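Colleague: dropping a prediction and its sequence here:
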Amino acid sequence: METTAGLTFRDATDADVDTLVALVESAYRGDASRAGWTTEADILEGQRTDPEGVLAVIKSPDSRLLTVERDGQVVACCQLEHRGTYAYFGMFAVSPALQGGGLGKVIIAEAERIARETWGVTEMHMTVISVRNDLVAWYERRGYRRTGQMTPFPYGDERFGVPQRDDLQFELLVKPLV
């Protein structure tokens with residue numbers, strides 16, 4: 001466990017699955033997500049993740065699901081996955097009630113440090129739904145750059161949500177960690 005800015009970072013365990021699913025869902029889907037600015041409720045309905053998906057990240061030997069606590073309460077999480085010379089950053093969720101206060105900046109910086117020091121990677125990669133201009137801009141302010149490399153949204157696979165528009169795709173964002 002590591003502590004930064006009053007936050008405790010630790011790897012998720014099986015016992016965290018339900019809490020983390022609820023956190024991710026609250027940050028991205030439904031009316032609860034509208035309390036924060038990362039909501040996808042206007043472009044996607046349905047689930048963002050499920051217990052099986054979260055458990056798979058926890059169990060993967062090349063992956064860590066960082067759980068972030070403040071005062072004993074889970075307030076955020078993010079996935080780090082080792083992929084050779086780079087790490088993949090995903091499943092980033094901050095409790096909607098705490099969004100906009102600088103917590104995300106601290107968490108992503110710590111995740112980058114952990115990936116660099118643990119795996120010696122030189123880049124962090126992530127994919128973001130390309131129409132999420134506010135979110136892409138936030139990552140650009142953290143040093144990520146748009147690559148223009150797109151991946152189709154998995155239309156028809158409700159494990160990723162129910163799209164409310166037909167122009168969704170993922171864009172690869174990359175940041176050097178050296």
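Modeller: Sure thing, it's come through.
Colleague: what segments of the protein are helices?
Modeller: 17-28, 51-59, 103-119, 133-141 (DSSP state H).
Colleague: save those helices as JSON lines, and put in mean neighbour count, distance to residue 69 and mean pLDDT too.
Modeller: (C-beta placed from N, C-alpha, C; glycine too.) As requested, these are arranged in JSON lines below (neighbours: other Cβ atoms under 10 Å; distance: least, Cβ to Cβ, whole Å; pLDDT from 0 to 100):
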{"stretch": "helix 17-28", "mean neighbour count": "20", "distance to residue 69": "10", "mean pLDDT": "90"}
{"stretch": "helix 51-59", "mean neighbour count": "16", "distance to residue 69": "16", "mean pLDDT": "93"}
{"stretch": "helix 103-119", "mean neighbour count": "18", "distance to residue 69": "11", "mean pLDDT": "96"}
{"stretch": "helix 133-141", "mean neighbour count": "13", "distance to residue 69": "23", "mean pLDDT": "95"}
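Colleague: quick one: which of those helices is nearest residue 90?
Modeller: helix 51-59 (8.3 Å; Cβ to Cβ).
Colleague: scan the protein for its longest strand.
Modeller: As assigned by DSSP state E, the longest strand anywhere in the chain is strand 73-83.
Colleague: okay, the helices of the chain in CSV with distance to residue 150 next?
Modeller: Shown next, in CSV, are the helices of the chain (distance: least, Cβ to Cβ, whole Å):
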stretch, distance to residue 150
helix 17-28, 20
helix 51-59, 22
helix 103-119, 22
helix 133-141, 13
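Colleague: out of those, which gets nearest to residue 77?
Modeller: helix 17-28 (5.4 Å).
Colleague: give me the below-cutoff pLDDT ranges for the protein.
Modeller: Applying pLDDT under 70 to the chain picks out residues 1-5, 30, 33, 41.
Colleague: if we can go back for a sec, sheet partners, orientation included, of the longest strand of the chain?
Modeller: Neighbouring strands of strand 73-83 in its sheet, by DSSP bridges, are strand 63-70 (antiparallel), strand 86-94 (antiparallel).
Colleague: angle of the last one against helix 103-119?
Modeller: Think strand 86-94. Here the directions of strand 86-94 and helix 103-119 differ by 150 degrees (axes from the mean of the first three to the mean of the last three Cα atoms, to 10 degrees).
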